[in-house]
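J.: sharing a sequence plus its predicted fold:
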Amino acid sequence: MATLAPNGNDLYVIDANATLLKSIDGGTTWQQLAQQLYQSTGIAIDPSNSANIYVLDGAGVQRSADGGVTFTTVAPAPRPGATPGIRVQSIAVDSTGALYLSAPAQNQIFVSADGGATLKPLPQLLHVLGLMAVGGKVFAGLTTPSVPFVVKLDPSASKILYSTFLGGTFSDGLNGIAVDAQGEAVLTGYTFSPDFPVTATVANPASPGKNDGFVAKLRADGTHLFFSTLLGASKSVSSSGVAVDSSGAVYVTGQTSAPDFPITPGVVQPALPSAACPRSQSNFSVTPNTGTYAFVTKLPPDGSAPAYSTFLTQVWKHRSGSGRRSGGRGDYRRLHHLTRLPNLFQYVPAGISRTNKSAHSSQPLRCRVHYKGESRRRQSDRKQLIWAAVI
Amino acid sequence: LPAPTAANPNILVTVNSIGVDAISPSILLVATNTGLYFSSDAGATWGLFDTGLPVSASGYVSVTSVFINPNNHLIAYAVTDQNNYLIPGYLFKSVDAGNTWTQLNPAYPASHPRRPLPCRT
């Protein structure tokens, strides 16, 4: 990792020992500056004040006001269990000293005129990757947005019966397809596009940079949409699997990071589990799943309001045990397989109300799930799981 | 920049960094995963300028960043990627506008300089 200061004289390097070095003689001799700049991916020097140096490393964006001797974090990277940070991809400083940060996960560029103390989002710019300062101006590199498509072939696969795009101006993706008895394709995936073609919206709170899930049904000849519905929440939603039953009802699975994902009353898991199950054993520990939640939604054949929508997510994220798998994403992966389950599917993710003898544990793992503010009677009224499987 | 050819039909060029000559802005050095490219006509034509730069694990000269001295455009610096960012790259300097490159060994008294790499000739 290296950069040449805008004055053309000062050359900075972060070496393999995570130490910042500076040369003012074209690389002949070097001065040691700050250390412990681990996982560095960017250095930017303020053209208006060469004492201001920014480093992007594993801890976030660091700023030095003393020419690289000491650094303080101005934009921390996201860390589990800590305050949400910004996952910065690259940094640049313009001729006025303004700091620019690109955050592709948020489809956002942030700018700070006060050395990173306050960050102001610029108008949303999707597909931004890197930033680079050239001649005192900052340029952004973008990727080309992806556009989903659907192709229907005849039974011999020798003729295209229809081929169509299905998306908006920003990046969208298809994750699942199911075809009903009439040959009508039901599609599901995610969309970043504000102009994604929809006929209805289950929920879609405004929030910049997030993606929504969608469910769309095409006519058998591909000429029209029967319906196209967004599944949105305050944070990102992505639908990953779809199945259709004999009545035409549509079942969608997916994942979201939003606790306010629209859930219907009386379902098997109406809210995210909040039970405490403190447990720590020799080489196996459990912590609350605070990241990604799986869901299941049933739509009627016309794609109108959901017949039901429920979380089906695991209570715990398993960590630190050798050979253990991550629970947070694990339940999502398992739910992928719902498309192969029959119409009346019942499912429970591992770890909920079951006993599991851990290979690394001398005691059985048993966690009981409670829902905040819910009585025992209320729990018994919920729609029940009839059978459970772990695939 | 080079498009896929019959010899390399699957080549996918990724631009990692662009160096612009502050004195003659039509002069560019572009760092990519398949080499360091030079243009003197604002990108209309390109040449490969990687003499002295090492081939990475990918089989190409992979360059992650390049800088042209704004006060002296004969001087440029480049950082190579040796193994898809898995191991740190090396710093190189050119004093002839990118025609040839020499490895620098940033080191301070307490550190252990890295050994030079075999270079492309």
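T.: Nice, thanks for sending it over. Numbering: from 1, shown residues only, chains lettered A, B, ... in the order given.
J.: can you give me the buried ones in stretch A:92-111?
T.: The neighbour-count check on stretch A:92-111 (16 or more other CB atoms under 10 Å in any protein chain shown) flags A:92-94, A:98-104, A:106-111 as buried. C-beta: built from backbone N, CA, C; applies to glycine.
J.: now, which of the residues you listed lie close to chain B?
T.: Contacts with chain B within the buried residues of stretch A:92-111, counted by CB under 8 Å from any CB of the partner chain: none were found.
J.: quick check: beta-bridge partners of the closest residue to residue B:48 other than its chain neighbours?
T.: In this structure, residue B:48 finds its nearest non-sequential neighbour in residue B:35, 5.0 Å apart by CB to CB, 6 or more residues apart in numbering or on different chains. With DSSP bridges as the criterion, residue B:35 is bridged to residue B:32.
J.: tell me, how many neighbours does residue 25 end up with?
T.: This is for chain A. Using other CB atoms under 10 Å in any protein chain shown, residue A:25 has 9 neighbouring residues.
J.: not quite, go with chain B.
T.: With other CB under 10 Å as criterion, residue B:25 counts 11.
J.: same question for residue A:236.
T.: Residues near residue A:236, counting by other CB under 10 Å, number 20.
J.: ok, now residue A:61?
T.: The number of residues near residue A:61, taken as other CB under 10 Å, comes to 26.
J.: can you check residue A:70 too?
T.: Counted by other CB under 10 Å, the residues lying close to residue A:70 total 12.
J.: got it, and residue A:117?
T.: Residue A:117, neighbours per other CB under 10 Å, totals 11.
J.: pretty sure it is touching residue A:73, no?
T.: No: with contact defined as CB atoms under 8 Å, residue A:117 does not count as touching residue A:73 (11.6 Å).
J.: point out where the stretch 101-250 of chain A drops to low pLDDT.
T.: A:125-126, A:201-209 (pLDDT under 70).
J.: could you check which residue of it lies nearest chain B?
T.: Closest approach between the stretch 101-250 of chain A and chain B, counting by CB to the nearest CB: residue A:134, at 4.9 Å.
J.: contact partners for the residue lying closest to that residue once chain neighbours are set aside?
T.: Spatial nearest neighbour of residue A:134, chain neighbours left out: residue B:20 (4.9 Å); criterion: CB to CB, 6+ apart. By CB atoms under 8 Å, 6 or more residues apart in numbering or on different chains, residue B:20 lies in contact with A:134-135, B:27-28, B:68.
J.: likewise residue B:36?
T.: By CB under 8 Å, 6+ apart, the residues touching residue B:36 are B:29-30, B:48-50, B:53, B:61, B:63, B:66, B:78, B:98.
J.: picking up where we left off before, tell me the bridge partners for the residue nearest to residue A:134.
T.: With DSSP bridges as the rule, residue B:20 is bridged to residue B:28.
J.: run through the residues of chain B sitting next to chain A.
T.: B:15, B:17-18, B:20, B:22, B:25, B:65, B:67, B:69-72, B:75, B:77, B:79, B:87-89, B:91, B:93, B:104, B:106-108, B:110-111, B:114.
J.: please check these and keep the buried ones.
T.: Judged by 16+ other CB under 10 Å, buried ones among these: B:17-18, B:20, B:22, B:65, B:67, B:69-70, B:75, B:77, B:79, B:88-89, B:91, B:93, B:104, B:106-108, B:111.
J.: okay, now the domains of chain A?
T.: According to automatic domain parsing, chain A comprises the domains A:2-142, A:149-385.
J.: dump those domains into a markdown table; add distance to residue B:42 as well.
T.: As requested, the domains of chain A are arranged in a markdown table below (distance: least, CB to CB, whole Å):
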| stretch | distance to residue B:42 |
| --- | --- |
| domain A:2-142 | 13 |
| domain A:149-385 | 30 |
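J.: and of those, who's closest to residue B:41?
T.: Set against residue B:41 and scored by CB to CB, those come closest in domain A:2-142, at 17.5 Å.
J.: now the end-to-end length of the closest one.
T.: 23 Å (CA to CA, to the nearest Å).
J.: for stretch A:304-313, same thing?
T.: 24 Å.
J.: isn't residue A:111 up against residue A:122?
T.: Yes: the criterion here is CB under 8 Å, and residue A:111 meets it with residue A:122 at 5.9 Å.
J.: point out the residues in chain A that sit beside chain B.
T.: Going by CB under 8 Å from any CB, the residues of chain A near chain B are A:1-4, A:6-9, A:11, A:13, A:15-17, A:19, A:21, A:23, A:26-27, A:30-32, A:132, A:134-135, A:141.
J.: circling back to that earlier point, a markdown table for the contacts of residue B:20, including distance to residue A:247?
T.: As requested, the contacts of residue B:20 are arranged in a markdown table below (distance: CB to CB, whole Å):
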| residue | distance to residue A:247 |
| --- | --- |
| A:134 | 60 |
| A:135 | 64 |
| B:27 | 68 |
| B:28 | 62 |
| B:68 | 67 |
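J.: find the nearest non-adjacent residue to residue B:68, please.
T.: Nearest one to residue B:68, counting by CB to CB, 6+ apart, is residue B:19 at 4.3 Å.
J.: need the contact list for the one you found.
T.: Contacts of residue B:19 (CB under 8 Å, 6+ apart): B:28-31, B:66-68, B:76.
J.: now, which of those residues sits nearest chain A?
T.: residue B:67 (3.7 Å).
J.: quickly find the element holding that closest one.
T.: Using DSSP states H and E, residue B:67 sits within strand B:63-68.
J.: hmm, who's touching that strand?
T.: A:2-4, B:16-22, B:27, B:29-33, B:35-36, B:50, B:53, B:75-81, B:85, B:89.
J.: ok, it: who's next to it in the sheet?
T.: Taking DSSP bridges as the criterion, strand B:63-68 sits next to strand B:76-80 (antiparallel) in its sheet.
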